[in-house]
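Asker: predicted model and sequence follow; I will ask about them next.
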Amino acid sequence: MFTPMIIIVALFVAVLLIIFWRSVRIVPHSMEDVVERFGKFHRTLSSGFNVVIPGVDHVRERIDRRVQVVSFPPQSAITEDNLAVEVDSAVYIRVVDAYRATYEVANFIQAVEQLTLATLRNVIGGMNLEETLTSRDAINRELKAVLDEATRDWGIEISRIELKGIEPPSSVQEAMEMQMRADREKRAQLLSAEGEKQSAVLRAEGERSAAVLRAQGAAEAQALTAKADADAQTTRARGEADAIHMVFKALHTSRVDPDVLAYHYLQKLPEIAKGDANKVWIVPAEMGRALQGVGSAFERLRDEVVGVR
């Protein structure tokens, strides 16, 4: 009697556990589930713990809300000047509306890829080769503007567009490489010439500075030599004058006869004139009286000679 009851209870509990298990829906972080009820959109489940009705609610699709990278293989495009280029690009997208990303477009990643390639061909077709190779930022901005407008109804946000590479034809690449080599050689020659010019200027400035310093040194040396010679001559002249003054002073003190003094002074005049300082003579105060004495002596000598005759 108790065995059937236990079986029924066990079955009932098992059914409840199964229903509970199927009712619980755990959604990972950065994900969002699109739930349909009886085949019609009902709601979306955010990340975390969620409860649905088994057999009534059905999860149509799980949408990743993170930024996704849609990378394309290199595609050929024709420029305005009829040159084929290979373009390698990537688009960074993010789903902002799970409902639209599920029901407005069948496969939003494939749709973004095809739209990007078509828009890229149109943009490059309106540029020549030089503009295509040098205007990546302009191409990116134009692509993003077109894709933003087209994918807004799909619940997609274009985060970023990156042109990974634009390869021109091989003939154009060879010509560009030759031009680059010529530019590098020209730039190297210009830098070398500028360096030689700068070196020559520096050498000239150095030589001029050295010549100025040598001239200044020679002038200072000459000035010092002249000053030393003048000081030496002045010192010798003062020494000789002091010596003569001392001799005259001694003679004056000893009261030597003026005639004898004048006679000896006149005898020493030639030796005094031979000195290096012969241009500077210092005559003692007694010189006048001595010369007067010499004159008187010669007059007396003349008178004596006349008287003898």
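Answerer: Thanks, I have it. All values reported here derive from a predicted model rather than from experimental measurement.

Asker: pick out the residue closest to the middle of this protein.
Answerer: Nearest to the mean C-alpha position of the chain, counting by Cα atoms, centre = their mean, stands Leu191 at 17.5 Å.

Asker: and the strands in the stretch 51-200 of the chain?
Answerer: Counting by DSSP state E, counting those that start in this stretch, the stretch 51-200 of the chain has strands at residues 57-64, 68-71, 75-78, 84-95, 156-167.

Asker: dump the ones you listed into CSV; add mean neighbour count, mean pLDDT and distance to Leu117 as well.
Answerer: (C-beta placed from N, C-alpha, C; glycine too.) Formatted as CSV, those follow (neighbours: other Cβ atoms under 10 Å; pLDDT from 0 to 100; distance: least, Cβ to Cβ, whole Å):
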stretch, mean neighbour count, mean pLDDT, distance to Leu117
strand 57-64, 16, 89, 23
strand 68-71, 14, 88, 11
strand 75-78, 14, 86, 6
strand 84-95, 18, 89, 8
strand 156-167, 17, 87, 12
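
Asker: in CSV: those, plus distance to Gln114.
Answerer: Shown next, in CSV, are the strands of the stretch 51-200 of the chain (distance: least, Cβ to Cβ, whole Å):
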stretch, distance to Gln114
strand 57-64, 20
strand 68-71, 11
strand 75-78, 11
strand 84-95, 11
strand 156-167, 13
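
Asker: for Leu213, which of those is the nearest?
Answerer: With Cβ to Cβ, the closest approach to Leu213 among these belongs to strand 156-167: 61.2 Å.

Asker: what about that closest one, distance to the chain center?
Answerer: Computed by Cα atoms, centre = their mean, to the nearest Å, the chain-centroid distance of strand 156-167 equals 32 Å.

Asker: same question for stretch 126-142.
Answerer: For stretch 126-142, the separation from the chain centroid amounts to 30 Å (computed by Cα atoms, centre = their mean).

Asker: what's the span of it from first residue to last?
Answerer: 12 Å (Cα to Cα, to the nearest Å).

Asker: was I right to think Asn140 contacts Leu163?
Answerer: Yes - using Cβ atoms under 8 Å, Asn140 makes contact with Leu163 at a distance of 6.4 Å.

Asker: measure Phe12 to Met5 for me?
Answerer: 11 Å (Cβ to Cβ, to the nearest Å).

Asker: what stretches of this protein score poorly on pLDDT?
Answerer: Low-confidence segments of the chain (pLDDT under 70): 1-2, 171-177, 241, 243-245, 247-309.

Asker: which segments of it make up each domain?
Answerer: When the chain is parsed with automatic domain parsing, its domains come out as 2-63, 68-168, 235-302.

Asker: and the ones you listed, which is most packed in?
Answerer: Stretch with highest mean neighbour count among the domains of the chain: domain 68-168 (a mean of 16; mean count of other Cβ atoms under 10 Å).
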